[in-house]
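Asks: Pasting a predicted model and its sequence here:
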Amino acid sequence: MKLRKAKYSRSKATAVEPTFDDKAPVPAHVAIIMDGNGRWAQARGLPRFVGHRQGVKAVRSTVRACSDLGISYLTIYAFSSENWKRPASEVDELMGLLRVYIRRELTELGREGVRIRFIGDRGRLADDINHLITNSEESTKNNTGLTFTVAINYGGRQEILEAARRFAQHVQEGEHEPEDINESLFESYLESEKLPDPDLLIRTSGEQRLSNFLLWQSAYTEFVFTSTLWPDFKKKNLEQAVAEYQRRERRYGGSSH
Ligand code: FPP
């Protein structure tokens with residue numbers, strides 16, 4: 001028996017990618033989980049640190065691309081509270097990159113009007129890194145360009161626990177009553193205080209997890225996952241993610257009718 005030819009062959013059914021519309025609203029706050037540095041390097045037979053170094057270049061171009069697109073806030077996950085579990089040599093490499101990055105690139109971005117902030121537990125970071133962090137926050141605090149937040153030794157659960165602990169402390173000291181707690185008061189105890197919630201969260205490398213990033217803040221965030229590895233992430237990839245965001249309908253738990 002002769003099989004009838006399928007009306008639409010698989011090869012012809014290519015997905016149409018949304019295109020970026022520079023007239024449509026862009027997300028005010030974009031958060032990025034930069035994943036895939038190690039795989040990028042391994043695919044080339046190179047050590048993992050080469051992937052991280054290449055990843056720094058992708059950070060550089062993404063910060064500028066965000067400013068170009070009119071995005072007001074960019075938050076990147078540079079080092080999670082779980083990343084200490086990596087081999088000491090890799091942790092050292094990441095901390096070394098951070099030092100160089102803050103000294104060279106953040107200083108330059110600061111001159112260009114970018115406001116730099118850090119979130120995460122600073123207690124476990126080396127003194128010189130803490131010093132660099134405080135300096136770059138101080139020297140850029142009056143800048144009016146993109147607000148660029150770097151999460152280092154950051155964990156969403158840890159941030160929420162710390163906020164709860166500090167609120168409990170204030171109750172004990174008589175500054176608050178337990179029934180005072182509401183969303184806006186709780187948010188004032190979070191490190192992301194003064195940052196709007198992210199509108200769009202991008203994760204690269206095909207992984208589809210939040211990995212303890214901005215847990216409280218991403219309650220209504222739109223997620224876009226891309227298979228591109230972080231070192232390959234270019235302005236075009238950011239535009240594609242924003243285009244995907246632009247065609248989503250955000251309902252915040254309400255209905256569309
Ligand atoms: C994940 O790649 C990425 C990280 C651990 C952190 C991202 C770090 C950088 C981009 C470099 C440092 C950044 C700054 C701002 C100085 P992975 O190693 O988990 O990749 P894999 O999943 O392929 O192994």
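Replies: Received the coordinates, thanks. Residues are numbered from 1 along each chain as shown.
Asks: How about the secondary structure of Y77?
Replies: At Y77, secondary structure determined by DSSP: H, G, I helix; E, B strand; the rest coil is strand.
Asks: near the ligand, which residues of the stretch 51-200 of the chain show up?
Replies: When proximity is defined by Cβ under 6 Å from any ligand atom, the stretch 51-200 of the chain lies next to the ligand at H52, G55, V56, V59, A78, N83, L94, L97, L98, Y101, V150. (Each C-beta comes from the backbone N, C-alpha and C, glycine too.)
Asks: My guess is the second one contacts S205. True?
Replies: In other words, G55. No: with contact defined as Cβ atoms under 8 Å, G55 does not reach S205; the gap is 10.9 Å.
Asks: Now for those two: what residues contact both?
Replies: W230 (Cβ atoms under 8 Å, 6 or more residues apart in numbering).
Asks: Of these two, which one has the most company?
Replies: G55 (27 against 22; other Cβ atoms under 10 Å).
Asks: all helices for the stretch 1-150 of the chain, in order.
Replies: 37-42, 48-69, 88-100, 107-111, 127-140 (DSSP state H, counting those that start in this stretch).
Asks: ok, for the closest residue to the ligand within the stretch 51-200 of the chain, nearest residue in space, not its chain neighbours?
Replies: The stretch 51-200 of the chain approaches the ligand most closely through G55 (3.0 Å), counting by Cβ to the nearest ligand atom. With Cβ to Cβ, 6 or more residues apart in numbering as the criterion, G55 has its nearest non-adjacent residue at 4.4 Å, and that residue is N37.
Asks: Can you get me a residue count around that neighbour?
Replies: Neighbours around N37, by other Cβ under 10 Å: 24.
Asks: quick one: N130 and G123 touch, right?
Replies: No: N130 is not in contact with G123 according to Cβ under 8 Å; the separation is 9.0 Å.
Asks: Of the two, give the one with the bigger neighbour count.
Replies: For N130 and G123, the more surrounded residue by other Cβ under 10 Å is N130, and the numbers stand at 14 against 7.
Asks: List the residues that contact that one.
Replies: Per Cβ under 8 Å, 6+ apart, neighbours of N130: R122.
Asks: Which per-residue confidence value corresponds to it?
Replies: N130 is assigned a pLDDT of 97 by the prediction.
Asks: Could you check how far it is from K85?
Replies: Separation of N130 from K85 (Cβ to Cβ, to the nearest Å) stands at 22 Å.
Asks: neighbours of the single nearest residue of the stretch 1-150 of the chain relative to the ligand, just the number please.
Replies: Residue of the stretch 1-150 of the chain nearest the ligand, by Cβ to the nearest ligand atom: G38 (2.5 Å). Neighbour count for G38, taken as other Cβ under 10 Å: 20.
Asks: Then V224?
Replies: 20.
Asks: shaky segments in the protein?
Replies: Residue ranges of the chain with pLDDT under 70: 1-15, 256-257.
Asks: all strands in it, in order from the N-terminus.
Replies: For the chain, strands defined by DSSP state E occupy the ranges 29-33, 73-80, 115-119, 147-154, 200-203, 222-225.
Asks: List the buried residues of stretch 44-54.
Replies: R48, F49, V50, G51, H52, R53, Q54 (16 or more other Cβ atoms under 10 Å).
Asks: With stretch 245-257 instead?
Replies: Buried-residue list, stretch 245-257, by 16+ other Cβ under 10 Å: Y245, Q246.
Asks: can you list contacts of it?
Replies: P18, F20, D21, A24, P25, V26, P27, D199, L200, Y220, E222, V224.
Asks: Could you find the closest non-adjacent residue to the third one?
Replies: Same thing as D21. Using Cβ to Cβ, 6+ apart, the nearest residue to D21 is Q246, at 5.7 Å.
Asks: Distance-wise, check the one you found relative to L97.
Replies: Q246 is 33 Å from L97, where distance means Cβ to Cβ.
Asks: Distance of P47 relative to N212?
Replies: For P47 relative to N212 (Cβ to Cβ), the value is 26 Å.
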